[in-house]
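Trainee: would you be able to build a 3D model of this:
(one chain, ligands or ions: 2)
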Amino acid sequence: MVIPTYNEADNVRHVVARVRAAAPAVDVLVADDNSPDGTGGIADALAGVDTQVHVLHRPGKDGLGAAYLAGFAWARERGYDAVVEMDADGSHAPEDLPALLHAARDADVVIGSRWTRGARVLNWPWRRLLLSRVGNLYARVALGMPVSDATGGYRVYRSAALDAIDLGSVRSQGYAFQVELSRLAHRAGVRIVEVPITFAEREHGDSKMSPLIVAEALWRVTRWGVRDRRAAVRGRPRALARWP
Ligand SMILES: Nc1nc2c(ncn2[C@@H]2O[C@H](COP(=O)(O)OP(=O)(O)OP(=O)(O)O)[C@@H](O)[C@H]2O)c(=O)[nH]1
Ligand SMILES: [Mg+2]
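Mentor: Ligands and ions are numbered 1, 2, ... in the order given. Next comes the predicted model:
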């Protein structure tokens, strides 16, 4: 499991302990961007007493996408057959992990979803609910993907899915990173399933969400949607010409 962290000193200890308790077979990699609040040092201390906890120290804040790509590369070098993404802030419940891993037996990508039947979202202000709802509907329609929570960051990728995706082409940094990977997985034709999760607002620390991150997602989704439609239109006459 890769847990990206930036200033999560009040969360990292507890969240790692919960993962280790909920899924003891899972190894944890904390991918820290040299957090000024000392998160990296706390993670080192955890790794010092637990051989299944590892830390990837990155030089500075470089976005969620870059931290995940580095974490994926780390995991693939070591031959893991699946990689899990999870936030450090307690929004994703480690106790949901066994259900996600179970679903990964029959899927290449498992998305822990806030927007499928049975999911719960706790303590989120209505503005965040609306943003996530509308953003996901837009992504779903613009990209033609049967995914209800394309921005969610609680996922399992089987290595086969990562092999099928050209990770070198990924440029997104914020929420757009999750949407981009959903899109690439969908286009690669791998099996994607969604599992309902209980999502809770962070209790400690500050959100790194910013208007810039939302704008990046909106801009990229729109661009991908336009590109996909243009490609579909270009493809159509050829397809018709081939029709007997
Ligand atoms: N390594 C690294 N981790 C990051 C970076 N930005 C965010 N994160 C981590 O990514 C996860 C999600 O970030 P959050 O700040 O919780 O963003 P969010 O969940 O969209 O926002 P909230 O719902 O308000 O918490 C957390 O574990 C963060 O610490 C970054 O630039 N580098
Ligand atoms: Mg969060």
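Trainee: what mean pLDDT does the longest helix along the chain get?
Mentor: Counting by DSSP state H, the longest helix found in the chain is helix 211-242. In this model, helix 211-242 has an average pLDDT of 82.
Trainee: what helices and strands are in contact with that helix?
Mentor: If you count contacts as 3 or more CB pairs under 8 Å, 6 or more residues apart in numbering; DSSP states H and E, helix 211-242 packs onto helix 126-143, helix 175-188. C-beta coordinates here come from the backbone N, C-alpha and C atoms, glycine included.
Trainee: any residue of that helix touching ligand 2?
Mentor: No - using CB under 5 Å from the ion, helix 211-242 stays clear of ligand 2, coming no nearer than 11.3 Å.
Trainee: buried residues of that helix, list them for me.
Mentor: Going by neighbour count (16 or more other CB atoms under 10 Å), the buried part of helix 211-242 is 213, 214, 216, 217, 218, 220, 221, 224, 225.
Trainee: ok, of the residues you listed, which one's closest to residue 17?
Mentor: Nearest to residue 17 among the buried residues of helix 211-242: residue 213, at 28.5 Å, using CB to CB.
Trainee: for the chain, what spans make up the helices?
Mentor: Secondary structure of the chain by DSSP H: the helices cover 12-22, 39-49, 64-77, 97-103, 126-143, 159-164, 175-188, 211-242.
Trainee: show me which residues of the chain are close to ligand 1?
Mentor: 4-6, 8, 31-33, 61-64, 67, 87-89, 91, 202, 207-209 (CB under 6 Å from any ligand atom).
Trainee: strands - which of these land there?
Mentor: Among the residues of the chain next to ligand 1, the members found in strands (DSSP state E) are 4, 5, 31, 32.
Trainee: for the residues you listed, pick the one with the most neighbours.
Mentor: residue 5 (28 neighbours; other CB atoms under 10 Å).
Trainee: just to revisit the earlier point, what's the most distant pair in the buried residues of helix 211-242?
Mentor: So for the buried residues of helix 211-242, where distance means CB to CB, the most widely separated pair is 213 and 225, at 18.6 Å.
Trainee: in this protein, what residue lies closest to ligand 1?
Mentor: Among the residues of the chain, residue 207 lies nearest to ligand 1; the distance is 2.8 Å by CB to the nearest ligand atom.
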